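Student: Quick one: sequence plus predicted model below, questions after.
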Amino acid sequence: MKVKKAVIPAAGYGTRMLPITKAQPKEMVPVVHKPVIQYVVEEAYHSGIKDILIITGKGKRAIEDHFDRSDVPKPNHYVSELDRILEEVDIFFVRQKEQKGLGDAVRYAESFVDDEPFALLLGDTITFPPCTRELIQIYSRYKTSIVAVEEVPIEKVSLYGVVACKELEDSVYLIEDLVEKPSVDEAPSNLAILGRYILTPEIFECIKETKPGKGGEIQLTDAMRILNTRERMYAYLFKGRRYDIGNKVDWLKANIELAVEDEEVGGEIREFIRSME
Ligand code: UTP
């Protein structure tokens, strides 16, 4: 079965980005020309997906408004490009009733997903080149759940879900176990889950069986741990760039790196940075 649907959770509090996120969703925080979630929707589109479900919640209405067709009198080319994509995709919304964790948020996608494999893209994470496109290629060969991972410094493992795994071929690993936010001593590797997944619909049963974990939240990693006892799961080592816009340092780095490379503003920004040295 092909991957034709994408789910984007975007209902979290965004406490690490306060006060920026006091009255606006963290998924609407700008990175150079566009809000974060627009990069995520574009990634799904450029990975061949036309049906997209965004999971929103309290205080997230701006996300829905952003994906309306624009009615500005003089749209610039960023707006026109988004309008063109919006002609081709269908975006659906569902509201998470309580912010009980990422696993709980994914649960709301069950009737949208039905019996198909789906791509899951965290709404606060950007990847270049589109990680989802690479995951879909791997899925077409392995036909089971695949989790994108990246190498992180060992002292940072406690910020992530981490996998224990065995390499099968270049960049593809068989998952043996998954641990949410382990201490350095508990961490089975330094391969951290980065926020892009292909999951089979069996995940929904596993979420229902998942008890609150780290931070009292229903953790997706814990649900995937159950899934891993029922079907083979793979990890894919993504070698591109990934920014977690949910923390301020990564958000600022994303703005600097992407602004420096940008066609429109890059020249002036590079000059400005040189003038600061
Ligand atoms: P985070 O783990 O960054 O959590 O969510 P958070 O609550 O948004 O942020 P902090 O920790 O308070 O700063 C990763 C992704 O999962 C979504 C978020 O919107 C984000 O895109 N999420 C998280 C939900 O949709 N619902 C939740 O209950 C938690």
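Tutor: Arrived safely, thanks for sending. Residues are numbered from 1 along each chain as shown.

Student: residue contacts, the closest residue to Lys239 other than its chain neighbours?
Tutor: Closest residue to Lys239 apart from its sequence neighbours, by CB to CB, 6 or more residues apart in numbering: Ser171 at 7.1 Å. Bear in mind the C-beta positions are built from the backbone N, C-alpha and C, glycine included. Contacts for Ser171 (CB atoms under 8 Å, 6 or more residues apart in numbering) come out as Tyr236, Leu237, Lys239.

Student: Save those residues as CSV, and put in distance to Tyr142 too.
Tutor: Output for the contacts of Ser171, formatted as CSV (distance: CB to CB, whole Å):
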residue, distance to Tyr142
Tyr236, 9
Leu237, 14
Lys239, 18
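
Student: Looking at the residues you listed, which are in strands?
Tutor: Tyr236, Leu237 (DSSP state E).

Student: List the buried residues of stretch 179-190.
Tutor: Buried residues in stretch 179-190, counting neighbours by 16 or more other CB atoms under 10 Å, are found at Val179, Glu180, Lys181, Pro182, Ala187, Ser189, Asn190.

Student: for stretch 148-156, that is, sorry about that
Tutor: Buried, per 16+ other CB under 10 Å, within stretch 148-156: Ala148, Val149, Glu150, Val152.

Student: which residues does the last one contact?
Tutor: Each residue near Val152 by CB under 8 Å, 6+ apart is listed here: Leu159, Tyr160, Asn190, Ala192.

Student: element containing the last one, please.
Tutor: Element membership of Ala192, judged by DSSP states H and E, is strand 191-199.

Student: which other helices and strands contact that strand?
Tutor: strand 118-121, strand 125-128, helix 131-142, strand 146-151, strand 161-169, helix 220-230, strand 241-244 (3 or more CB pairs under 8 Å, 6 or more residues apart in numbering; DSSP states H and E).

Student: Could you point out which of these sits nearest Glu43?
Tutor: helix 131-142 (5.4 Å; CB to CB).

Student: Now do that closest one against strand 191-199, angle only.
Tutor: Helix 131-142 and strand 191-199 are oriented at 70 degrees to each other (axes from the mean of the first three to the mean of the last three CA atoms, to 10 degrees).

Student: How about helix 131-142, which residues are buried there?
Tutor: Cys131, Thr132, Arg133, Glu134, Leu135, Ile136, Ile138, Tyr139, Tyr142.

Student: just stretch 189-202 next, same as before
Tutor: Quick answer for stretch 189-202 (16+ other CB under 10 Å): 189-200, 202.

Student: And the strands in this protein?
Tutor: 5-9, 30-31, 34-35, 51-56, 90-95, 118-121, 125-128, 146-151, 161-169, 172-180, 191-199, 234-237, 241-244.

Student: Can you give the strand pairings for the last one, parallel or anti for each?
Tutor: Using DSSP bridges, the strands paired with strand 241-244 in its sheet are strand 125-128 (antiparallel).

Student: Give the buried residues for the partner strand.
Tutor: Thr125, Ile126, Thr127.

Student: Next: stretch 162-177.
Tutor: For stretch 162-177, the neighbour count (16+ other CB under 10 Å) marks Val162, Val163, Ala164, Cys165, Val172, Tyr173, Ile175 as buried.

Student: Equivalent analysis for stretch 61-79, please.
Tutor: For stretch 61-79, using 16+ other CB under 10 Å, the buried residues are Ile63, His66, Phe67.

Student: middle-most residue in this structure, spatially?
Tutor: The residue lying closest to the centre of the chain (CA atoms, centre = their mean) is Leu122, at 2.2 Å.

Student: Return the distance of that residue relative to the ligand.
Tutor: Here the distance between Leu122 and the ligand works out to 4 Å (CB to the nearest ligand atom, to the nearest Å).
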